[in-house]
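Q: coords below, sequence missing:
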């Protein structure tokens, strides 16, 4: 590790008495170099370079409080420690089985030179694919409670380029189409936000291990200079912490190209190890559900003649799942509370009482007889107070029925989550504020006590906590396939190629792919901008250990070649690679099955048709593989009339071969590479 210390002379132009030590830490391969120090005014600052060129110019670190002086100026460095780690750990499930954690660490402790003498340690870990840093506060008499008004962390990007982002602080949470703009044209955005600098360097900003803190947005100040902005809270302080605490990690992933971002495990490595122990009770799987028919408005969540979650309808789905090898059936709208105004309300939901036309005990027993698992559903309408009062009972109820996974929902406009105010009343908070962050972790922990996996929709963003709590298996947190049913506009052909290098850098997404019919509500062809082959590619391109086949059972059965693919493709992987791609344009992804030696490849493109050349040199040398390819047919056009044209073919290949595949506009392809003889 390259650690350089140099005495920085106190400035003669200011009154701050500084004798600041500058610490410099590099990545194991030496390409990323970060410096952390106090400047002439005693302001903690850092800067980052990559391949000898600046990425982050000198940027400040600090805090404002609602009841105390700022922690910004007048610091001195009082201690510095270093460390190096090179270890490998195993995921119980994931996009890769083994994860290497190889980083160098620099921790600098700063003390404010005033009567309070408050201290703060900035801990920085630098990996070959980026860095993370967090601020750590010891228990100190001068600050028994930290009422944080704002974090003053800066990210002064050393040059312009292009960015892919969604706006933050707006009504629809994270569910926006991505915008491609100059970095210097951004406003306030959610993370991950991904950028390609003018010199080609790829950078993505996010956070890791978001625990008991407000989510971080990025707000552009001027030019390409950004500052952290914490999600609001109605109580005044955006974060309230007692005693010793630390912030989440502020992360900057840095790479030569898109593969370096896609294959990075840095977010996971900045989280704590598995706190749950043996989680073998969770099995990655594929599922269907009483869901798409309601988005098509063919049935409803609420009770009455159009109720979708009836005993008879549930058993019909269970029969289909059993016949075609799907482990799970999601059933939404089974419980009391959907009638009336539930959106942003949720005051009438019961999580143990079913509607009269749904016998949940009989349905669960029937599913067990057929070898199928029910996936539970807890929509809260954004009312976390009502949910938490029933949470223990609701999870115990599911456990008693053999239900080992639950999809939760928080359908409310941003800033409209209903939380207890601590005095017997209610208060409205944000989906990514500290109160909601605390709530999600509470749900995950109680669910784990009952061996239940959690998949939240309208969630707080993923920050890698699935490492610590492996039952937090997936989440939504972006525009999913439901927008293809009724969205105006629908998800465009560039949406998934953008998410692969933005939202999906943070972790798994329950996108709910598999709309084989390519038809939404009241559809007039052409409707959903996609080819059939592209829908198949999603099962590799969009990672989740739970993968829905979203369409109606009769539509799934109507496309037997597509059904054959989703029956074959795994949901758990030992290795994942980006073979080719460009942010927001296209991606070709290969993943190796965790339970066999087979590989699976998915390719997706935007509105431009492309030919992809796929070298198979990642296969085991000397082994013959049967390549089965699902490819856009000659007349396929995801933006035209013929969206279902599909060619399926098989032949034998080895690691010395190269495949050439065609992707139509809004198209794609899927490939299974199975060792011959398996």
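A: Good, I have the coordinates. Small disclaimer: the values here were computed from a predicted structure and weren't measured.

Q: element containing the residue lying closest to residue 74 once chain neighbours are set aside?
A: Ranked by Cβ to Cβ, 6 or more residues apart in numbering and with sequence neighbours excluded, the top spatial neighbour of residue 74 is residue 42, at 4.4 Å. C-beta here means a position set from N, CA and C on the backbone, and glycine is covered the same way. Following DSSP states H and E, one finds residue 42 outside all helices and strands.

Q: report the residue ranges of every domain in the protein.
A: Per automatic domain parsing, the structural domains of the chain span 4-93+100-269, 285-477, 488-508+523-543+560-678.

Q: let's have those domains in a markdown table, adding distance to residue 276.
A: Listed next are the domains of the chain as a markdown table, based on distance: least, Cβ to Cβ, whole Å:
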| stretch | distance to residue 276 |
| --- | --- |
| domain 4-93+100-269 | 9 |
| domain 285-477 | 5 |
| domain 488-508+523-543+560-678 | 17 |
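
Q: residue 487 and residue 175, how far apart?
A: According to Cβ to Cβ, to the nearest Å, residue 487 stands 9 Å off from residue 175.

Q: identify the contacts common to these two.
A: Residues touching both residue 487 and residue 175 by Cβ atoms under 8 Å, 6 or more residues apart in numbering: residue 479.

Q: where does the chain have its least confident helix or strand?
A: Within the chain, confidence by mean pLDDT, DSSP states H and E is lowest for strand 4-7 among all helices and strands, at a mean of 32.

Q: what is the subsequent helix or strand relative to that strand?
A: Going down the chain from strand 4-7, the next helix or strand is strand 21-26, by DSSP H and E.

Q: do a quick rundown of the helices in the protein.
A: For the chain, the helices defined by DSSP state H occupy 258-262, 266-269, 292-295, 311-324, 360-369, 384-400, 434-449, 483-486, 495-499, 532-541, 553-557, 560-568.

Q: now residue 129, nearest residue through space, not along the chain?
A: residue 264 (4.2 Å).

Q: give me the neighbour count for the one you found.
A: Neighbour count of residue 264, defined by other Cβ atoms under 10 Å: 20.

Q: any figure for the gap between the closest residue to residue 510 other than its chain neighbours and residue 512?
A: Leaving out its chain neighbours, the residue that sits closest to residue 510 by Cβ to Cβ, 6+ apart is residue 474, at 4.4 Å. For residue 474, the distance to residue 512 (Cβ to Cβ) stands at 10 Å.

Q: returning to that earlier point: any idea how far the residue nearest to residue 510 lies from residue 586?
A: Applying Cβ to Cβ to residue 474 and residue 586 gives a distance of 24 Å.

Q: for residue 303, same thing?
A: 45 Å.

Q: more crowded one of those two?
A: Each of residue 303 and residue 586 has its neighbours counted (other Cβ under 10 Å); residue 586 has more, 24 against 18.

Q: check contacts around the more buried one.
A: By Cβ under 8 Å, 6+ apart, the contact set of residue 586 is 497, 580, 603-606, 608, 610, 612, 663.

Q: what do you get if the cut-off is 7 Å, keeping everything else the same?
A: 497, 604-606, 610 (Cβ atoms under 7 Å, 6 or more residues apart in numbering).

Q: wait, residue 462 sits on residue 475?
A: Yes: using Cβ atoms under 7 Å, residue 462 makes contact with residue 475 at a distance of 5.9 Å.

Q: okay but residue 179 is in contact with residue 162, surely?
A: No: Residue 179 is beyond contact range of residue 162, at 10.6 Å (criterion: Cβ under 7 Å).

Q: one step back: quick one, which of the domains of the chain gets closest to residue 552.
A: For the domains of the chain, the distance to residue 552 is smallest for domain 285-477, at 5.8 Å, taking Cβ to Cβ.

Q: got the end-to-end distance for the closest one?
A: Domain 285-477 has an end-to-end distance of 20 Å (Cα to Cα, to the nearest Å).
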